[in-house]
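Participant: sequence first, predicted model second:
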Amino acid sequence: MRPRFEHGESVRVVRNIRNDGTFPGADTGTLLVARGSIGHVRDVGTFLQDQLIYSVHFLADDRVVGCREEELQPADEPWAPSRFEFRQKVAARMHLAIKGEVRVQSGEVGEVIKVVRGDEDFSYHVYFDGDRVLQVPETALQEATVPPLSEPAGAHESNPELGPGPEQIEP
């Protein structure tokens, strides 16, 4: 394995980096570095003997974070942020089909498991319910709408504009 980036090289992180539990002093899931941030390679190591891990110093945050090679690109390369990110919920804007067979209905919600950067566009590996992972172009996806939280009991009673509350069933 030969590293793509060398000590001192400026790099850009292409996706949000969150704490996977290995960054001390921050809760798991905490955003450590926002996509698009530029840092400098301090060191290159390996994880499980088959993955290169770069220690990158992000000066703006004064934070050194371990990044995998696929999370980085040279800082001077053109960069545009993807519309969706890893683990984000998305919905199909249209029916998605393979060889004419509809696999995903319009509006069906899935989860992004990989962002695929093209030369001028993006596609995503999206997991849809039923063990279906499809590579979907960005234009065929939209943000998934989050259903409103259910209304707490008695909410109508405290707000007269909403009208009477639900009928009570007598035992």
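Facilitator: Structure received. Numbers count the residues shown, from 1 in each chain.
Participant: what bits of the chain have low per-residue confidence?
Facilitator: Within the chain, the ranges that satisfy pLDDT under 70 run 119, 131, 146-171.
Participant: now do the strands in this structure.
Facilitator: In the chain, strands defined by DSSP state E lie at 10-13, 17-18, 31-33, 38-47, 51-58, 63-68, 72-74, 89-92, 96-98, 101-104, 109-117, 122-128, 132-137, 141-143, listed in chain order.
Participant: any chance you could list what contacts the third one?
Facilitator: The one in question is strand 31-33. 13, 16-19, 23, 26, 39, 58, 61, 63, 65 (CB atoms under 8 Å, 6 or more residues apart in numbering). Yep, even glycine has a C-beta here, placed from its N, CA and C like the rest.
Participant: quick one on the thing from earlier: rebuild the strands of the chain as a markdown table, extending it with distance to residue 81 and mean neighbour count.
Facilitator: Converted to a markdown table, the strands of the chain look like this (distance: least, CB to CB, whole Å; neighbours: other CB atoms under 10 Å):
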| stretch | distance to residue 81 | mean neighbour count |
| --- | --- | --- |
| strand 10-13 | 11 | 20 |
| strand 17-18 | 14 | 20 |
| strand 31-33 | 14 | 17 |
| strand 38-47 | 13 | 15 |
| strand 51-58 | 17 | 19 |
| strand 63-68 | 17 | 17 |
| strand 72-74 | 12 | 17 |
| strand 89-92 | 15 | 19 |
| strand 96-98 | 24 | 14 |
| strand 101-104 | 25 | 14 |
| strand 109-117 | 10 | 17 |
| strand 122-128 | 9 | 20 |
| strand 132-137 | 16 | 15 |
| strand 141-143 | 14 | 17 |
